[in-house]
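A.B. asks: What shape does this take:
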Amino acid sequence: MAGAWLELLGKAVRSARRRAGLTQTQLGEPLLSKSFISQLEKAALAPSIPSLFHIAGNLHVPAAHLLALADPHLRSDTLLTMAEAALLVEGPDAADEWLAPLSALPSWQNTPRVARLHRLEGLRRLLGGRGEDAVDALREAAALHSAGSPETWITRFWLGEALRAAGHIVAAAREWDGLLSDLPHGRAQPPAQEPVLAPGAGITACLRAVTQLRLAALYDAMGDRQAAAEVLALADEKLGNAGTLQVGSAAVRLLWVTAQEAYHHGDLLAAAPCARMASLLTRWDPTPPAQP
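C.D. replies: The predicted structure is shown next:
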């Protein structure tokens, strides 16, 4: 039997669609099929967060209206995602507003969500100029994530940034080099036929490219231009003439392009992390501090 939340959500979508004068096909276009919308309205399937955002956009209603009816686990994950975005874009107070409702939801303290809370704290410290403290929180987060998950990769990217900010350049390079080895396709370029916006591919391609750029900048600052050139040689073709080591602008440009493409294709899970990373990297000088 479908959960009560699925029935409420299905009825809400059907009512809103009829008020808007849309057919099931029109509501789903261009990403979701008529069959998907039909099953959703009948409470026969559980939608993902990106699909709810897409439906809300076609209905011209705030996504929060649909998320309020969604499964508590979906709401918990969405609150954490929005809190992280708010922290990087608007500051700690905005993040706290998103986190406030979290404690009222069931199972919000499970291990994956606790890991994300540790990452939030690490980013809060990183933004506050407390690199060493950020390293501790991000290491706690990395230890709690499931191995090989996109959340693990994102946390490891930020751990490298925290190590870099704290002046631990060699450790940062080691972290990012290990991350590149663990990402799908390893340090190599993905095959040309890989669909850029396949499920999960957007954030993977984005992380690989931006990590390559940051690692190359570290090697260059350490005086190892050969290692920097080798890393850049593997960089995604979207980077253009990244060999100039204009790392900040190249990384941010790639992140925003990836975020925009993913968002327009309904891939919120790829768009949100890319946009979050871009928003922070625009504030930073990509050149790491001198190694003591």
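A.B. asks: Could I get the full set of helices for the stretch 101-250 of the chain?
C.D. replies: 111-127, 131-144, 150-165, 169-182, 201-221, 225-233, 247-264 (DSSP state H, counting those that start in this stretch).
A.B. asks: now those helices in TSV, with distance to residue 100?
C.D. replies: Where C-beta positions appear, they are placed from N, C-alpha and C, glycine not excepted. Formatted as TSV, the helices of the stretch 101-250 of the chain follow (distance: least, Cβ to Cβ, whole Å):
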stretch	distance to residue 100
helix 111-127	13
helix 131-144	20
helix 150-165	22
helix 169-182	32
helix 201-221	27
helix 225-233	42
helix 247-264	26
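A.B. asks: Identify whichever of these lies nearest to residue 37.
C.D. replies: helix 247-264 (19.4 Å; Cβ to Cβ).
A.B. asks: so for that closest one, what's the average pLDDT?
C.D. replies: Computed over helix 247-264, the mean pLDDT rounds to 60.
A.B. asks: same check, this time on stretch 6-20
C.D. replies: pLDDT averaged over stretch 6-20 gives 89.
A.B. asks: swap in stretch 148-165?
C.D. replies: pLDDT averaged over stretch 148-165 gives 90.
A.B. asks: Need the contact partners of that stretch.
C.D. replies: Residues outside stretch 148-165 that contact it (Cβ atoms under 8 Å, 6 or more residues apart in numbering) are 112, 115-116, 119, 122-123, 125-126, 129, 131, 134-135, 138-139, 141-142, 145-146, 169, 171-172, 175-176, 178-179, 182-183, 200, 203-204, 207, 210-211, 214, 218, 269, 273, 277, 288-289.
A.B. asks: Give me the buried subset of those residues.
C.D. replies: 115-116, 119, 122-123, 125-126, 131, 134-135, 138-139, 141-142, 145, 169, 171-172, 175-176, 179, 183, 203-204, 207, 210-211, 214, 218, 269, 273, 277, 288 (16 or more other Cβ atoms under 10 Å).
A.B. asks: Let me know the helix or strand that residue 69 is in.
C.D. replies: Using DSSP states H and E, residue 69 falls within no helix or strand.
A.B. asks: In contact with residue 83, which residues?
C.D. replies: Contacts for residue 83 (Cβ under 8 Å, 6+ apart) come out as 95, 96, 98, 99, 120.
A.B. asks: For residue 101, see how far away it is.
C.D. replies: To residue 101, residue 83 is 10 Å away according to Cβ to Cβ, to the nearest Å.
A.B. asks: Could you do residue 220 as well?
C.D. replies: Residue 220 is 45 Å from residue 101, by Cβ to Cβ.
A.B. asks: Looking only at neighbour counts, state which of those two leads.
C.D. replies: Between residue 220 and residue 101, counting by other Cβ atoms under 10 Å, residue 220 is the more crowded of the two (19 against 12).
A.B. asks: my read: the more buried one touches residue 228, true?
C.D. replies: Yes. At 4.3 Å, residue 220 and residue 228 qualify as touching, with contact defined as Cβ atoms under 8 Å.
A.B. asks: quick one: contacts for the closest residue to residue 211 other than its chain neighbours?
C.D. replies: The shortest distance from residue 211 to any non-neighbouring residue, by Cβ to Cβ, 6 or more residues apart in numbering, is to residue 176 (5.1 Å). Neighbour list for residue 176: 157, 160, 211, 214, 215, 218 [criterion: Cβ under 8 Å, 6+ apart].
A.B. asks: Residue 96 now?
C.D. replies: Per Cβ under 8 Å, 6+ apart, neighbours of residue 96: residue 83.
A.B. asks: Kindly provide the distance from it to residue 79.
C.D. replies: For residue 96, the distance to residue 79 - Cβ to Cβ - is 11 Å.
A.B. asks: Over to residue 21?
C.D. replies: The value you get for residue 21 to residue 79, if Cβ to Cβ is used, is 32 Å.
A.B. asks: When the two are compared, which one has more neighbours?
C.D. replies: The neighbour count for residue 21 versus residue 79, taken as other Cβ under 10 Å, is higher for residue 79 (21 against 7).
A.B. asks: My understanding was that the more buried one contacts residue 95; is that so?
C.D. replies: No. Applying Cβ under 8 Å, one finds residue 79 not in contact with residue 95, separated by 10.2 Å.
A.B. asks: returning to that earlier point: from the contacts of residue 83, list just the buried residues.
C.D. replies: 95, 98, 99, 120.
A.B. asks: Return the closest of those residues with respect to residue 55.
C.D. replies: Among the buried ones among the contacts of residue 83, and counting by Cβ to Cβ, the member closest to residue 55 is residue 98, at 21.3 Å.
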